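> one predicted model, sequence on top.
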Amino acid sequence: MPLVVDFHPIGGSDTAEESGSPFKAQTDPEGVITAYPQGEPAPNFSAAWDVGPCCTSQINGMAVDDVAFARAIVADVETKACIDTTRVYAVGFSMGGGMSHYLACHAADIFAAVSPASFDLLKENEDGCTPARPIPLLSFRGEQDTLAIYAGGYSSVVTGMPITFLGAQGCFQKWASIDGCTGSPSAAQSVTDSAANKTWSCQYYTQCSGGVQVGLCVDPNGGHEYGSGTIGWAFLKQFTMP
């Protein structure tokens, strides 16, 4: 079966993510296996993820390496359950979405596709984002988000660890460039998630290297929010590792 690794937001927890993630209602009925990791503390939050310049504290004097942790999770689940290693996906909300972006950059040899919500690839990370292969990515963003700033910009939510968001559109364009997409994205289309009673405006680059796609779904009236499990899972499960 496929494996989804679902990352909680900053200050969140594994159990809260299992309860709140919109993917669960879509993947559980299909028998998909999901892992809900628990992050280490941030300087002023109970839990976070290491996405380069931010956001976890050192543990016992050592830097946290959550890319290695994510790889270890997949390897560990593989010893306990019958997973298809060509269908391993990462999703997450807020900083969990940031972790999904980071894994797309640094673990594209493990994860077939990712779907982050309410976070961008960071300006501090874009030069170092060199995936081992083109990787499909669908991002969800609320246009009224002032925490993971929709238009992009500086954030100092975590003490002593400032970051800079590329912005929803900037991130969309950057991933299109990373994945070698050509031409223009599709015209934005309204897509209704009936399970959540919400309509998203989605557009995609479909002419990308390796047959991948890069998408962005926007909730014009939404703030800092989860994405759509219905739309997200339909996107992810199209793709397997080459």
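Done, it's in. Numbering: from 1, shown residues only.
> what does the longest helix seen in the chain contact?
The longest helix of the chain (DSSP state H) is helix 66-80. The contact list for helix 66-80, computed with Cβ atoms under 8 Å, 6 or more residues apart in numbering, reads 3, 5, 33, 35, 37, 39, 49-51, 56, 83, 85, 88, 90, 99, 102-103, 106-107, 110. In short, each C-beta sits where N, CA and C put it, glycine included.
> can I get it in PDB, CA atoms only?
The C-alpha trace of helix 66-80 is given here as PDB (Å, rounded to 0.1, in the frame of the first residue of the first chain):
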ATOM      1  CA  ASP A  66      14.500  16.000  10.200                       C
ATOM      2  CA  VAL A  67      15.400  14.900   6.700                       C
ATOM      3  CA  ALA A  68      17.300  12.000   8.200                       C
ATOM      4  CA  PHE A  69      14.400  11.500  10.600                       C
ATOM      5  CA  ALA A  70      11.900  11.300   7.700                       C
ATOM      6  CA  ARG A  71      14.000   8.800   5.900                       C
ATOM      7  CA  ALA A  72      14.300   6.700   9.000                       C
ATOM      8  CA  ILE A  73      10.500   6.800   9.400                       C
ATOM      9  CA  VAL A  74      10.000   5.400   6.000                       C
ATOM     10  CA  ALA A  75      12.600   2.700   6.600                       C
ATOM     11  CA  ASP A  76      11.000   1.800   9.900                       C
ATOM     12  CA  VAL A  77       7.500   1.600   8.600                       C
ATOM     13  CA  GLU A  78       8.800  -0.600   5.800                       C
ATOM     14  CA  THR A  79       9.800  -3.200   8.400                       C
ATOM     15  CA  LYS A  80       6.400  -3.200  10.000                       C
END
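> list the contacts of the spatially closest residue to Pro220 that is not a sequence neighbour.
The shortest distance from Pro220 to any non-neighbouring residue, by Cβ to Cβ, 6 or more residues apart in numbering, is to Glu143 (4.9 Å). Neighbouring residues of Glu143 by Cβ under 8 Å, 6+ apart: Tyr150, Ala168, Val218, Asp219, Pro220, Asn221, Gly222.
> ok, now with 6 Å
Each residue near Glu143 by Cβ atoms under 6 Å, 6 or more residues apart in numbering is listed here: Tyr150, Val218, Pro220.
> before we move on, the earlier item: after the longest helix of the chain, next one along is what?
strand 88-93 (DSSP states H and E).
> that next one vs helix 66-80, what angle?
On the basis of axes from the mean of the first three to the mean of the last three Cα atoms, to 10 degrees, strand 88-93 is oriented at 130 degrees to helix 66-80.
> can you list the strands that strand 88-93 pairs with?
When pairs are called by DSSP bridges, strand 88-93 turns out to pair with strand 3-7 (parallel), strand 113-117 (parallel).
> quick one: closest of the ones you listed to Phe239.
Among the strands paired with strand 88-93, the nearest to Phe239 by Cβ to Cβ is strand 113-117 (4.3 Å).
> and the next helix or strand past that closest one?
That would be, after strand 113-117 and using DSSP H and E, strand 137-142.
> what mean pLDDT does that next one have?
In this model, strand 137-142 has an average pLDDT of 98.
> got it, and stretch 7-20?
Across stretch 7-20, the average pLDDT comes to 97.
> also stretch 74-83?
Per-residue scores along stretch 74-83 average to 97.
> which residue ranges of this protein form strands?
Ranges of strands within the chain are 3-7, 33-35, 40-42, 45-48, 88-93, 113-117, 137-142, 153-155, 163-165, 189-193, 198-205, 214-219, based on DSSP state E.
> in this structure, which residue is most central in space?
Pro116 (2.5 Å; Cα atoms, centre = their mean).
> my guess is that one meets His101, correct?
Yes - assessed by Cβ atoms under 6 Å, Pro116 is found in contact with His101 at 5.3 Å.
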